[in-house]
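Visitor: A predicted structure for the sequence below; I have some questions about it.
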Amino acid sequence: VNQFLKSRRQGLSPRTMEYYEYCLKPLAQNYQLTPKGINQFLANLSCANAKHAYFRAIRALCNWLYRQGYIKDNPILKVDAPKPTKEILPSLTIEQVEYIIDYADGLQNKVIIALLADSGMRLNELVNLQIDNIDWDTCTVTIWGKGNKQRKAAFTNGTASLLRQWLSENTNSSNLWTLRARGIQIMLHRLSKKTGLPCNPHTLRRTFASNLHRKGLDVEHIMRLGGWESLDMVLRYTKSVKFEDSLKLYQQVA
């Protein structure tokens, strides 16, 4: 596993490396790397849909071992991928986002929530923003996205005002935030408990997609604005909005 992790270092984020290590070390320490051992490992996990994340990490390891000649047969070929349940994932309405922003303590927290909901940025993309990444003329930021790919993300004039106010009060560094990834997660978790609304980076990314879809934006435009490479995740994120649209039509004709 350590050799595999070393081979992955180039081009992968530290968080992805941690994900591989977290998923693979328990397997390597307690199970044989055989179809039977992998199936036992997956069966003993109690994390429901997250089993597929473990499976993907194991598949990457097995494929690497096979390509490097460490194993003659690839055991993952004889393991069926776990089937995740397809739930309707939660997102927030525009009014709920405004409520959470009003409820949040401190200007920094308000800016972070507004920017996540506006742009659909992932947590790591937000954390690594620098002041010189901001283009005030177009209300966009240049970010390094998933897979070490550079892209742009947009934000609204309202968020621009909050961001300018925050920067005017914090000019000591090129960094935008005084919080890192874990601090932002904790802040959002506490806010979720206080408001009773789902509030985490993934929910705000879904919110970004869903609210743009509610406004009539085509899913292909949403895909490009959110930095997705295929429509699959956008369609999944906007599933609840599509049902709302269908329900309104149903209520009109029923």
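Guide: Nice, thanks for sending it over.
Visitor: ok, and what's touching stretch 215-235?
Guide: 120, 122, 125, 145-146, 149, 151, 153-154, 205, 208-209, 212-213, 238 (C-beta atoms under 8 Å, 6 or more residues apart in numbering). C-beta here means a position set from N, CA and C on the backbone, and glycine is covered the same way.
Visitor: and these, which of them are buried?
Guide: Listed as buried from those are 120, 122, 125, 145, 151, 153-154, 205, 208-209, 212-213, 238; burial here means 16 or more other C-beta atoms under 10 Å.
Visitor: lowest-confidence entry in these?
Guide: When those are compared by pLDDT, Gly145 scores lowest at 74.
Visitor: roughly how far apart are that one and Met121?
Guide: From Gly145 across to Met121, the span is 8 Å (C-beta to C-beta, to the nearest Å).
Visitor: hmm, back to that, Pro198: which of the buried ones among the contacts of stretch 215-235 is nearest?
Guide: Arg205 (11.8 Å; C-beta to C-beta).
Visitor: so the closest one is in contact with Gly120, correct?
Guide: Yes. In this structure, Arg205 is within contact of Gly120 by C-beta atoms under 8 Å, at 5.0 Å.
Visitor: re the thing from before, what is the most widely separated pair among the contacts of stretch 215-235?
Guide: Using C-beta to C-beta, the two most remote members of those are Lys149 and His213, lying 23.6 Å apart.
Visitor: alpha carbons only: can I get the least confident helix or strand in the chain by mean pLDDT in CSV?
Guide: Counting by mean pLDDT, DSSP states H and E, the chain has its least confident helix or strand at helix 239-253, which shows a mean of 72. What follows is helix 239-253, C-alpha atoms only, in CSV (Å, rounded to 0.1, in the frame of the first residue of the first chain):
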residue,chain,number,x,y,z
LYS,A,239,-33.4,15.2,-9.3
SER,A,240,-35.5,16.8,-6.6
VAL,A,241,-36.0,20.0,-8.7
LYS,A,242,-37.2,17.9,-11.6
PHE,A,243,-39.7,16.2,-9.3
GLU,A,244,-40.9,19.6,-8.1
ASP,A,245,-41.5,20.7,-11.7
SER,A,246,-43.3,17.4,-12.5
LEU,A,247,-45.4,17.8,-9.3
LYS,A,248,-46.5,21.3,-10.3
LEU,A,249,-47.6,20.1,-13.7
TYR,A,250,-49.4,17.2,-12.1
GLN,A,251,-51.3,19.5,-9.7
GLN,A,252,-52.3,21.7,-12.6
VAL,A,253,-53.9,18.8,-14.5
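Visitor: tell me the buried residues in the helix or strand where Ser161 lies?
Guide: Using DSSP states H and E, Ser161 falls within helix 157-169. For helix 157-169, a neighbour-count test (16+ other C-beta under 10 Å) marks 159-160, 162-163, 166 as buried.
Visitor: and for stretch 104-117?
Guide: For stretch 104-117, the neighbour count (16+ other C-beta under 10 Å) marks 104, 108-117 as buried.
Visitor: same deal with stretch 43-55?
Guide: In stretch 43-55, the ones that count as buried by 16+ other C-beta under 10 Å are 51, 53-55.
Visitor: just the strands in the stretch 1-150 of the chain please.
Guide: In the stretch 1-150 of the chain, the strands defined using DSSP state E, counting those that start in this stretch lie at 134-135, 140-145, 149-154.
Visitor: what's the closest non-adjacent residue to Leu42?
Guide: Spatially, and ignoring its direct neighbours in sequence, Leu42 is nearest to Lys51 (5.6 Å; C-beta to C-beta, 6 or more residues apart in numbering).
Visitor: now for the closest residue to His189 other than its chain neighbours: which residues touch it?
Guide: Excluding the flanking residues, the one nearest His189 by C-beta to C-beta, 6+ apart is Asn200, at 6.9 Å. Listed by C-beta under 8 Å, 6+ apart, the contact set of Asn200 reads 185, 188-189, 192.
Visitor: narrow these to those in helices?
Guide: Members of the contacts of Asn200 lying in helices (criterion: DSSP state H): 185, 188-189, 192.
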